[in-house]
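[1] Give the three-dimensional model of this entry:
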Amino acid sequence: MPEFNAKEIEDQRLARLHAHWHSLAGGKPPPRSAIDPLDFPYLLGNISLVDVEPGEAGGSRFRFRLIAENIERLFDRPIAGQYADELKVGLLRTEIVRSYRSAWEQGAPDHTKGESNYRNSHRIHYERLVLPVVSDGEAGDMLLVGSIFSLINRA
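    Model (predicted):
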């Protein structure tokens, strides 16, 4: 897996989120108590908080605690409370779980950008930044996820 390079982040809001996360613990996962979504109002409609829970065979599952408003609008259904591996978004689901697992297991950011099929033969362009956050004795482990989606117009 290629090493994370912050210079590859295209969306400046995601770059600011990464800089904020990095400032909290010097590039290591900060404690959950240090995360306050009000610290990044420029990205609130695009922020998700994902709980990391024990899964089968010692693995992890990822449950959406708080889902970005713009993502729920894009998929036209509530997602909070669901597990990432149960999303009904085909190949994008596989990519989301891969990205979450990478960030969690590596204890480092995972940055992904690309295109995916969307309903009615449309496509979306996405850029996602997944940032791990560790337990601090007050709450469990989680991922802080910034996601930017846009529909691709077809001629």
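[2] After the lowest-mean-pLDDT helix or strand in the chain, which helix or strand is next? Please name it.
    Lowest on mean pLDDT, DSSP states H and E among the helices and strands of the chain sits helix 69-75, with a mean of 79. Scanning forward in sequence from helix 69-75 by DSSP states H and E, the next helix or strand is helix 91-106.
[3] Report the backbone C-alpha coordinates of the least confident helix or strand of the chain in CSV.
    Output of helix 69-75 as CSV, limited to C-alpha atoms (Å, rounded to 0.1, in the frame of the first residue of the first chain):
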residue,chain,number,x,y,z
GLU,A,69,-25.4,15.5,5.7
ASN,A,70,-24.2,15.8,2.1
ILE,A,71,-23.6,12.0,1.9
GLU,A,72,-27.1,11.2,3.1
ARG,A,73,-28.5,13.6,0.6
LEU,A,74,-26.4,12.0,-2.2
PHE,A,75,-27.6,8.5,-1.3
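[4] okay, now residue 51: neighbour count?
    18 (other Cβ atoms under 10 Å). Placement of C-beta: from N, CA and C, glycine included.
[5] Which stretches in this protein count as strands?
    47-54, 60-66, 110-118, 122-133, 142-152 (DSSP state E).
[6] Contacts for the second one next, please.
    Defining contact as Cβ atoms under 8 Å, 6 or more residues apart in numbering, one finds that strand 60-66 is touched by 37, 47-55, 79-85, 97, 100-101, 104-105, 142-143.
[7] about what we covered before: could I get the strands of the chain as CSV with distance to residue 3 and mean pLDDT?
    Below are the strands of the chain laid out as CSV (distance: least, Cβ to Cβ, whole Å; pLDDT from 0 to 100):
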stretch, distance to residue 3, mean pLDDT
strand 47-54, 22, 92
strand 60-66, 22, 91
strand 110-118, 11, 84
strand 122-133, 15, 89
strand 142-152, 19, 89
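[8] Now do the contacts for residue 18.
    Residue 18 neighbours (Cβ under 8 Å, 6+ apart): 6, 9, 109, 129, 131.
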